[in-house]
Each structure stands twice: as C-alpha cells, then as structure tokens.
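Q: Build the 3D model from these lines:
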Amino acid sequence: MAKSKKTKIHKKIDGQLLQLNKKFSDLKMKQKDKITGWVYEEYRKYVTEYDKVPDLLADEQIVEVVIDNYVSFYKSIVDQDRASVVICNLKHEIIYMNPAAVTSCAKRGGDKLIGRSLLDCHNPESRDKIQRVVDWFAADKSHNFVYTFHNEKLNKDVYMVALRDEGKLIGYYEKHEYRNVETMKQYDLW
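A: Below is the predicted model of the structure:
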C-alpha cells in the first residue's frame with residue numbers, strides 16, 4: 001500500500017522553519033523519550049508551583065516550553081560553529097544566520113540581511129550558479145551537497161547543502177569550512 005502524502009504545515013519561528021503538524025508517532029524513540037521527559041518536567045513544575053492540574057492555556061504554554069527546548073538544541077549546534085552558516089528558503093530569502101555569519105557579513109549589514117535575498121549579496125554570474133544548484137537539488141533527493149568556492153586568502157571552502165523535510169526540498173544553506181590547522185591545544189580547559 002502506498003504511503004499517502006500529507007500536507008506539511010510550516011511556520012517561521014525565530015528565523016527557523018518548523019513543521020507544525022508532525023505527529024509524535026513520526027519521531028524516533030530517543031526523540032520521544034526526551035520530549036516525554038521534558039513534558040513531564042514542565043507538568044511537574046506547574047503542579048508544584050500552582051498546586052493544581054494545568055488547564056488548556058497552561059497546557060499550551062507547557063508545549064511551547066517543550067518545543068523551545070527541542071529547537072534550542074539544534075539551534076545551539078549551528079550557533080556554536082565558528083564557521084559561517086547562512087540558511088535560505090527556496091525563494092533565496094535568508095531566514096537564519098549563525099553568529100559567525102553575522103560577524104563575517106557585518107560590512108554588508110550583518111543580521112539585517114535576515115529576510116533579504118541571498119542573491120542580492122552576489123554578482124549575476126554567482127546568482128545563476130546558485131539557482132542552478134537549487135534546481136539540481138530539486139531534481140533528485142539524492143542531490144544534497146555541492147562544493148562552490150575556495151577562498152584562498154581565508155583558506156576556506158564554501159558549499160551549498162540541501163535542506164529537506166522527509167525528502168522534500170525546503171531550502172539550502174551555505175556551509176563554510178576553514179582548512180587551517182587547529183591552533184587550540186587539545187582539551188585545553190584551563
């Protein structure tokens with residue numbers, strides 16, 4: 001029996017595109033366990049603080065806290081990267097820049113670039129190449145990663161990476177990788 005295609009409902013929250021109609025049953029077991037633990041802790045906090053069972057409004061607030069917890073882990077991964085990460089939707093609108101990207105793009109506007117077209121930051125030849133890559137991403141769900149540029153001065157490579165939701169292309173991001181040897185001492189905690 002063929003799996004029916006469901007319409008996905010997305011909402012941009014804090015610059016991130018989130019699927020709102022994903023069912024709990026669609027998640028992996030570890031994800032379910034972690035989310036269940038967060039829900040339990042938030043309910044326990046509410047009952048302890050107010051000495052009553054949460055009403056519908058409190059339920060919604062508890063769910064928001066849990067979603068924020070879940071999203072914050074993924075956001076933190078990107079935020080801690082020392083290399084620039086710029087996430088775009090399929091209209092080429094910049095929907096998120098990590099702190100490294102904001103800093104490296106400071107002369108062009110930094111975080112004020114969020115909401116603007118990535119294409120505005122490139123020359124006509126690069127714009128055409130970006131669109132060709134996005135078209136290639138859309139052509140096949142196995143098309144996900146393209147090397148686009150080497151910056152010799154900064155010794156970094158730049159890639160375009162497809163962003164997918166259950167195989168469907170929803171956007172892309174620019175991934176920057178520096179090729180310099182790490183100068184930090186291993187496990188230098190003190």
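
Q: so residue 133 is in which element?
A: helix 124-139 (DSSP states H and E).

Q: chain center to that helix: distance?
A: 20 Å (Cα atoms, centre = their mean, to the nearest Å).

Q: Contacts for it next, please.
A: 90, 92, 118-119, 122, 143-144, 146, 148, 160, 162, 169, 172 (Cβ atoms under 8 Å, 6 or more residues apart in numbering). Where you see a C-beta, it was placed from the backbone N, CA and C, and this is true even at glycine.

Q: ok, residue 74 - how many residues close by?
A: Applying other Cβ atoms under 10 Å, we find 10 residues neighbouring residue 74.

Q: Packing partners of the helix or strand harbouring it?
A: Applying DSSP H and E as the criterion places residue 74 in helix 56-79. If contacts are counted by 3 or more Cβ pairs under 8 Å, 6 or more residues apart in numbering; DSSP states H and E, helix 56-79 sits against strand 16-19, helix 29-50.

Q: and that helix with helix 29-50, angle?
A: 130 degrees (axes from the mean of the first three to the mean of the last three Cα atoms, to 10 degrees).

Q: how about low-confidence regions in this protein?
A: Scanning the chain for pLDDT under 70 picks out 1-27.

Q: tell me the domain boundaries of it?
A: 10-78, 82-178 (automatic domain parsing).

Q: Out of these, the one nearest residue 187 is which?
A: Taking Cβ to Cβ, domain 82-178 is the member of the domains of the chain nearest to residue 187, at 17.3 Å.

Q: What's the end-to-end length of the closest one?
A: Using Cα to Cα, to the nearest Å, the end-to-end distance of domain 82-178 comes out at 9 Å.

Q: Centre of the chain to it, how far?
A: Counting by Cα atoms, centre = their mean, domain 82-178 is centred 12 Å from the centre of its parent chain.
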